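Colleague: need a 3D model of the sequence below.
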Amino acid sequence: MKTLQFIVLIVAITLGSMTSATAQKFAYINSQELINDLPEVKEANSNIEAFQAQLQRKGQEMIKVLQDKYAAIERDRDNYSPMQLEEEGKKLQAEEAKILEFEQSSQQKILEKSETLLAPIRTKIENAIKEVSDENGYDYVFDYSTGMVLYASEETNIGPLVKAKLGL
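Modeller: Below you'll find the model as predicted:
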């Protein structure tokens, strides 16, 4: 009888140690909160907004010039022959096309500027998360801000550790 109890005890200890050895460690982070706290993100967003405002001013100037030309032609309409009016209309249409092209290229330039400024910040955050995860033995880290976690204990939030790693 004692032998059976001893075997059961050994099996229980073995199973218990196997379960704990294969247990995985999970953590979560609110990346949106982290991003909002980073001064580099604020600076990058400020630079992007300034760049966008600069492009908008240039576009508005182009539109103003075009509107002035339309107004001048309309005002002096009687001084133009039908053929001259048609020629001026073609020139104005070409300028409209240039403005449209400028607006489209401006959007592309803003996206490129955003990517250029924000990519190194994303890499820095990813590296900090990886380092904290490795240092603390986390197998998985979920992003709470994306809604992918239904429940998370505050004890598993590594946000403060990542902020400390980033010097915040």
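Colleague: Val141 should be in a helix, yeah?
Modeller: No. Counting by DSSP: H, G, I helix; E, B strand; the rest coil, Val141 is not part of a helix but strand.
Colleague: ok, the nearest residue to it once chain neighbours are set aside to Asp134 distance?
Modeller: Closest residue to Val141 apart from its sequence neighbours, by C-beta to C-beta, 6 or more residues apart in numbering: Ala27 at 4.8 Å. Heads up, the C-betas are built off the backbone N, CA and C, glycines and all. The gap separating Ala27 from Asp134 is 12 Å, by C-beta to C-beta, to the nearest Å.
Colleague: out of those two, which sits in the busier spot?
Modeller: Ala27 (23 against 9; other C-beta atoms under 10 Å).
Colleague: that older thread, a strand runs through the residue nearest to Val141, doesn't it?
Modeller: Yes. Per three-state DSSP, Ala27 lies within a strand segment.
Colleague: pLDDT score assigned to it?
Modeller: For Ala27, the pLDDT comes out at 89.
Colleague: separation between it and Tyr138?
Modeller: 4 Å.
Colleague: so what's in contact with those two at the same time?
Modeller: Common contacts of Ala27 and Tyr138, defined by C-beta atoms under 8 Å, 6 or more residues apart in numbering, comprise Ile158.
Colleague: got the buried residues for stretch 28-40?
Modeller: Tyr28, Ile29, Asn30, Ser31, Leu34, Ile35, Leu38 (16 or more other C-beta atoms under 10 Å).
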